[in-house]
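Chemist: Only the shape, not the letters, is given here:
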């Protein structure tokens, strides 16, 4: 079974600075997808960014980018120019590429605080 | 707004009771997933339906059941409720066809409190 580990329960960053959230995963599969979801105080789960394992290029979405190290099974999220609205729980998630096994396996989350 | 709707937003009930949570997927999505988020268990996959058929089952209790209707909305039924069932229940949907990233988009959740 796949597992996802987020070793940083809490992180904080000054507004406008850069912060990196860590995620590692364990799998024997070669085809899979990785996601970062954000959960603000409203508790809504919001997709931040997605990475396909077969792509060597790291995904980027505006101020959000990932560092995907497939061999090391590492998938960190970098948030640049942090804003107050970035304060939330961030969950790393794994999805198998196998048809019929499309569930998301989540890490335990990292609570990000933005310091004004 | 993800396009996934869930009702009700909040539900307060007593132990031993039965409740039904409803989810409408994004337009065009055939797959619906149910997840439970609790303080002690984190985010756990419960069950997936694809175009009316059960496709995958996770850590879903026997007291829980789900179905997906012809109009693709889904219902999660929770019976003989216990205090430990108090949690946030999410529905998510994806296109569901084979291949591709199949990104799941989440609804706002139903917060269940069992007293």
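Modeler: Received the coordinates, thanks. In this text, all values refer to a predicted model and were calculated from it rather than measured experimentally.

Chemist: what's near enough to touch the spatially closest residue to residue A:27 that is not a sequence neighbour?
Modeler: Among residues not flanking residue A:27 along the chain, residue A:2 sits closest, at 4.6 Å (C-beta to C-beta, 6 or more residues apart in numbering or on different chains). Every C-beta, even on glycine, is put in place using the N, C-alpha and C of the backbone. Contact partners of residue A:2, counting by C-beta atoms under 8 Å, 6 or more residues apart in numbering or on different chains, are A:25, A:26, A:27, A:29, A:32, A:94, A:96, A:105.

Chemist: Could you tell me the phi and psi values at residue A:2?
Modeler: Backbone torsions for residue A:2, taken as degrees, to the nearest 10, come to phi -80, psi 150.

Chemist: where's the residue nearest to the spatial centre of chain B, which helix or strand?
Modeler: Central residue of chain B (C-alpha atoms, centre = their mean): residue B:34, 3.0 Å from the mean position. Residue B:34 belongs to strand B:31-38 when assigned by DSSP states H and E.

Chemist: Only the buried residues of that strand, if you could.
Modeler: Using 16 or more other C-beta atoms under 10 Å in any protein chain shown as the test for burial, strand B:31-38 gives B:31, B:32, B:33, B:34, B:35, B:36, B:37.

Chemist: Name every strand pairing with that strand and say which way it goes.
Modeler: Strand pairing for strand B:31-38, determined by DSSP bridges: strand B:42-50 (antiparallel), strand B:87-94 (antiparallel).

Chemist: sorry, back to before: can you tell me which of the contacts of residue A:2 are buried?
Modeler: Restricting those to buried positions leaves A:25, A:27, A:32, A:94, A:96, A:105, with burial counted as 16+ other C-beta under 10 Å.

Chemist: From the residues you listed, which shows the smallest pLDDT?
Modeler: On pLDDT alone, residue A:96 ranks lowest of the buried ones among the contacts of residue A:2, at 88.

Chemist: what's next to stretch B:41-61, contact-wise?
Modeler: A:91, A:100-106, A:108-109, B:30-38, B:64, B:66-70, B:72, B:74, B:76, B:87, B:90, B:96.

Chemist: Looking at strand pairing, list the partners for the most centrally placed residue in chain A.
Modeler: For chain A, the residue nearest the mean C-alpha position is residue A:36 (3.2 Å; C-alpha atoms, centre = their mean). In this entry, residue A:36 is beta-bridged to residue A:49, residue A:92, by DSSP bridges.

Chemist: need the contact list for residue 25.
Modeler: With no chain named, the answer covers chain A. Contacts for residue A:25 (C-beta under 8 Å, 6+ apart) come out as A:2, A:3, A:4, A:5, A:34, A:73, A:75, A:92, A:94.

Chemist: Hmm, no, I was thinking of chain B.
Modeler: Residue B:25 neighbours (C-beta under 8 Å, 6+ apart): B:3, B:4, B:31, B:32, B:72, B:73, B:74, B:91, B:93.

Chemist: and which of the residues you listed is nearest residue A:9?
Modeler: residue B:91 (26.8 Å; C-beta to C-beta).

Chemist: which non-adjacent residue is nearest the closest one?
Modeler: residue B:23 (3.3 Å).
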